[in-house]
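Trainee: generate coordinates for the sequence data below:
(one chain, ligands or ions: 2)
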Amino acid sequence: MTGLDDFLDELVADADAVFLFSPGKSDYETMAEDEETVVVGPDNDVEAESFVELPLEFEDLRDRVRFGVEGAVENGHVDEDAELVCLAGVFGEDADTVTRVRADEFEKSGVYDLFANSRAEPSVIRDVLEVAVELGKKGQKGKPVGALFVVGDAGKVMNKSRPLSYNPFEKSHVHVGDPIVNVMLKEFSRLDGAFVISDSGKIVSAYRYLEPSAEGVDIPKGLGARHMAAGAITRDTNAIAIVLSESDGLVRAFKAGELILELDPEAY
Ligand SMILES: Nc1ncnc2c1ncn2[C@@H]1O[C@H](COP(=O)(O)OP(=O)(O)OP(=O)(O)O)[C@@H](O)[C@H]1O
Ligand SMILES: [Mn+2]
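Mentor: Numbers count the residues shown, from 1 in each chain. Ligands and ions are numbered 1, 2, ... in the order given. Predicted coordinates:
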């Protein structure tokens, strides 16, 4: 199969670094012996020197690669114009796919920045995304439901919002990620307004009507008041916002007034 060999040789020729997505220990060790290697995965079991933590199982390979590359550039593991070869498992856990990409080939999406450089802890952002994705999958009693979570910088968010109803979390000290809380969040998402969550994941309030200044906020056409409020509050404060749309079923994340991430819950 010389044709195939030649093709593969060319695909990996002169790469500056190899990105291994969730590799096994022996694969990592073999590769790291003579290649500049960056490991991307949920944890660093293989004890790689250059490692980017994946907070989500990005199903779409493009999203996974984008996250890894943005993280590696930001942490100085590779240069912005580096030629990269990525080995990843798309159909299963073992690597079955080779892709080649330049680190600057796609526009910076900010998805790495969303997790790593927000005021809220990355695990809190991940937990809230998971609630939103689950809510999107199941809806409420089979009906599609929308929800808005504002995460981080809670004091300022509270100052730029007002209550629509009594706050069921007023005197409680509950945190996202706790299974009981996830049930509560889903239950309360039937009603209007936003959830406000602190940097460390404490649920500060439900039923908040956000009143940020929407001046200069540029969200994609077709999205309504919920998404506008989500985008605007992240420009007015250092919070990020995660929105489940009742009308198109997608989960979106906003930071600094910009749409950073769009996920289809059905794909997770
Ligand atoms: N400023 C706001 N603060 C908090 N919640 C809001 C705000 N504006 C709208 N919402 C909530 O969003 C809900 C849906 O509003 P709207 O349909 O205009 O938003 P949307 O962006 O189109 O969202 P969806 O895609 O879910 O329909 C409202 O019923 C309300 O609960
Ligand atoms: Mn709408």
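Trainee: make it CA atoms for all contacts and neighbour counts henceforth
Mentor: Noted.
Trainee: ok, and what's touching stretch 149-164?
Mentor: For stretch 149-164, contacts defined as Cα atoms under 8 Å, 6 or more residues apart in numbering pick out 118-120, 125, 128, 192-201, 204, 207-212, 230, 233, 237-243.
Trainee: swap in stretch 193-208?
Mentor: By Cα under 8 Å, 6+ apart, stretch 193-208 touches 119-121, 124, 147-154, 157-158, 161-170, 173-176, 188, 191-192, 209-210.
Trainee: can you rerun that using 7 Å?
Mentor: Outside of stretch 193-208, the residues within contact range by Cα atoms under 7 Å, 6 or more residues apart in numbering are 119-121, 124, 147-154, 161-165, 167-170, 173-176, 192, 209.
Trainee: those residues in strands, which ones?
Mentor: A147, L148, F149, V150, V151, S161, R162, P163, Y209 (DSSP state E).
Trainee: quick one: low-confidence parts of the stretch 1-150 of the chain?
Mentor: For the stretch 1-150 of the chain, applying pLDDT under 70 flags the ranges 1, 140.
Trainee: name the residues of the stretch 151-268 of the chain found near ligand 1, please.
Mentor: Proximity of the stretch 151-268 of the chain to ligand 1 (Cα under 6 Å from any ligand atom) is limited to residues 192-194, 208-211, 223-227, 229, 245-247.
Trainee: neighbours around N117, how many?
Mentor: Applying other Cα atoms under 10 Å, we find 12 residues neighbouring N117.
Trainee: measure it to D218 for me?
Mentor: 22 Å (Cα to Cα, to the nearest Å).
Trainee: now the angle from the helix or strand that contains I242 to strand 147-151?
Mentor: Per DSSP states H and E, I242 falls inside strand 240-244. Inter-element angle recorded for strand 240-244 and strand 147-151: 170 degrees (by axes from the mean of the first three to the mean of the last three Cα atoms, to 10 degrees).
Trainee: helices along the stretch 1-150 of the chain, start to end?
Mentor: 2-12, 25-34, 61-74, 111-116, 122-138 (DSSP state H, counting those that start in this stretch).
Trainee: between those helices, which one is nearest to E258?
Mentor: With distances scored as Cα to Cα, the stretch of those nearest to E258 is helix 111-116 (10.7 Å).
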